[in-house]
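A.B. asks: pasting the sequence and the predicted coordinates here, then a few questions.
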Amino acid sequence: QPSARAVDKRKLNQLFETYRDSVGEDKMMAEGVSRFLEDLKVDPTSLLVLILAWRFKAETQCEFKRSEFVDGMASLGVETVDQLHSNLGSLEKEIAASGRFREFYQFTFGFGKNPGQKSMDLDMALAYWDIILKGRFKFLDLWCQFLSENHKRSIPRDTWNLLLEFSLTINDEMSNYDEEGAWPVVIDDFVEWARPRLGKSTAV
């Protein structure tokens, strides 16, 4: 990726102050993040919010530390909200490359889970998958239905990461699925549940 132009970090620190939580820690909390996204004209539930969090190397949902915000903006070569807004299209294009998308996808697990927990709550995982994998995983709706009806447990990192590999390799009939492969049990169970629902008999 091209090197970002030099920016004035004093300006970025001043910009951060306009959104920083007025009491407590040196962070932009939920209210400040909400105002920031509003000024940026970005829907809080859009993929772009997660891409920004990834580029800011943010650790926790609904907050930006000063260093995350200032260093993230600097890495993009922007000093103002308007400049960042003009850059949003190129940010979306950045994850089009499969290697970058995998990096982004794996980042979202750590970002989406509650701090201190090893797994991501199922409701959060379902919401994230709906944003991140829409248009990329042909069985997304079936996968989410299966988990909602049958799984009802949190999602570990291994399952999160391997679902992307599954989505990239599985064919339309799921006939190339290797039951002897190193897939998580939940993906084994999903394939067994989903095959009869595909409307095509699948040779096993």
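C.D. replies: Yep, it's here.

A.B. asks: ranges for the strands of this structure?
C.D. replies: 27-28, 64-65 (DSSP state E).

A.B. asks: excluding its backbone neighbours, what's nearest residue 139?
C.D. replies: residue 194 (6.4 Å; CB to CB, 6 or more residues apart in numbering). Glycine gets a C-beta too; all of them are placed from N, C-alpha and C.

A.B. asks: list the contacts for the one you found?
C.D. replies: 139, 142-143, 146, 174 (CB atoms under 8 Å, 6 or more residues apart in numbering).

A.B. asks: ok, and the most crowded of those?
C.D. replies: residue 143 (23 neighbours; other CB atoms under 10 Å).

A.B. asks: can I assume that one is in contact with residue 130?
C.D. replies: No: Residue 143 is beyond contact range of residue 130, at 10.2 Å (criterion: CB atoms under 8 Å).

A.B. asks: neighbours of the closest residue to residue 140 other than its chain neighbours, how many?
C.D. replies: Leaving aside its chain neighbours, residue 140 sits nearest to residue 133 (5.2 Å; criterion: CB to CB, 6+ apart). If you count neighbours by other CB under 10 Å, residue 133 ends up with 18.

A.B. asks: likewise residue 37?
C.D. replies: By other CB under 10 Å, the residues close to residue 37 number 19.

A.B. asks: nearest spatial neighbour of it, chain-adjacent residues omitted?
C.D. replies: residue 44 (5.3 Å).
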